[in-house]
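Trainee: I need the structure of the sequence given here:
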Amino acid sequence: MLHRVDELRKSPLFGQLVRFVIAGGLATVVYAVVYSPLAAFGITSEQVANFLGYLFAMGSGYLLHSRWSFRGHGQGAAQTTTRFFAVSLVSYALNTFWVFLLTDDAMLAGPWWWPLIPVLFVTPLVTFALNRFWVFA
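Mentor: As a prediction, this is how the structure comes out:
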């Protein structure tokens, strides 16, 4: 068992996963720092707050992931940038869905913070898989 754990720890995929979790966590914090006050204080709608959080998180996420999480892994910069942007749109669509489903009056009409739960735990899993196996493959 300890041998398997040691093999996993030395695996390049494990290192990428750890770096992705840290960098993605930071990008998610950026999203939450932008989204939360805008939505909580009613400065704007949850969807506008979501979009602004996405813009800031996408920029910071690209820098962190391309220069650290997946550095030295994969294709050239032009293809990587285009694919990263496509994945960021998938992440935006997922987060938009969570905000709509959980806060919209026509749906569950929950508080502004409910979407942060799937934003923190579901969207990152999807984006890791897409970044690992398509963007930076």
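Trainee: How many residues are close by Val48?
Mentor: 14 (other CB atoms under 10 Å). Quick note: C-beta positions are derived from backbone N, CA and C, even for glycine.
Trainee: Name the helix or strand for the closest residue in space to it that isn't next to it in sequence, please.
Mentor: Closest residue to Val48 apart from its sequence neighbours, by CB to CB, 6 or more residues apart in numbering: Leu38 at 7.2 Å. Take DSSP states H and E as the rule and Leu38 turns out to sit in helix 12-40.
Trainee: And that helix, what does it pack against?
Mentor: helix 46-64, helix 116-121, helix 123-130 (3 or more CB pairs under 8 Å, 6 or more residues apart in numbering; DSSP states H and E).
Trainee: which of the residues in the next helix or strand after the longest one are buried?
Mentor: Remark: after helix 46-64, the chain's next helix or strand is helix 77-103, criterion DSSP H and E. Neighbour-count burial for helix 77-103, counted by 16 or more other CB atoms under 10 Å, picks out 80, 83-84, 87-88, 91-92, 94-96, 98-100, 102-103.
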